[in-house]
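J.: Predicted model and sequence below, questions to follow.
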Amino acid sequence: QVQLGESGGGLVQAGGSLRLACAASGRFSSNYAMAWFRQAPGKEREFVAAIGSTNGNTVYANSVKGRFTISKDNAKNTVYLQMNSLEPEDTAVYYCAAKLGNVRVVSLQYNYWGQGTQVTVSS
């Protein structure tokens with residue numbers, strides 16, 4: 001089993017920044033691709049960004065490209081999401097997810113999930 005725990009959410013004004021962190025534990029290894037998803041009230045969970053296991057390739061949703069950056073620290077088993085130029089539309093619960101193998105943008109293909117962290121952007 002793999003356990004994931006997110007941190008770093010909070011309330012920020014539009015145009016501000018936040019950095020989310022997701023710490024992995026248990027039977028986690030560098031063979032896992034990691035991703036961030038988000039879910040706003042009344043909406044489906046949507047893909048935000050992902051980072052590959054071996055080559056560290058990154059994939060972003062068009063809505064966050066150029067504003068968000070995903071990165072990882074293999075020594076700490078932690079993945080980060082740096083969020084800049086935040087907009088009220090970014091308000092959601094942000095979830096960290098992990099899967100073996102290549103990155104995917106579909107939530108159903110991820111096996112492990114964190115509990116989520118709330119991000120609220122005020123206008």
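T.: The structure has been received and is ready for your questions. Numbering: from 1, shown residues only.
J.: list the contacts for the spatially most central residue of the chain?
T.: By C-alpha atoms, centre = their mean, the chain has its centre lying nearest to residue 36, at 2.2 Å. With contact set as C-beta atoms under 8 Å, 6 or more residues apart in numbering, residue 36 has these partners: 20, 22, 48-50, 70, 79, 81, 94-97. C-beta here means a position set from N, CA and C on the backbone, and glycine is covered the same way.
J.: Kindly reformat the residues you listed as TSV and extend each row with pLDDT and distance to residue 122.
T.: Putting the contacts of residue 36 into TSV (pLDDT from 0 to 100; distance: C-beta to C-beta, whole Å) gives the following:
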residue	pLDDT	distance to residue 122
20	98	18
22	98	24
48	98	20
49	98	23
50	98	28
70	98	24
79	97	26
81	98	19
94	98	16
95	98	22
96	98	24
97	98	27
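J.: Which of those residues fall within strands?
T.: 20, 22, 48-50, 70, 79, 81, 94-97 (DSSP state E).
J.: among the residues you listed, which ones are buried?
T.: 20, 22, 48-50, 70, 79, 81, 94-97 (16 or more other C-beta atoms under 10 Å).
J.: Strands along this protein, start to end?
T.: For the chain, the strands defined by DSSP E occupy 2-7, 10-13, 18-26, 32-39, 46-51, 58-60, 68-73, 78-83, 92-100, 112-113, 117-122.
J.: So for the second one, mean pLDDT?
T.: Averaged across strand 10-13, pLDDT comes to 98.
J.: What of stretch 105-122?
T.: pLDDT averaged over stretch 105-122 gives 96.
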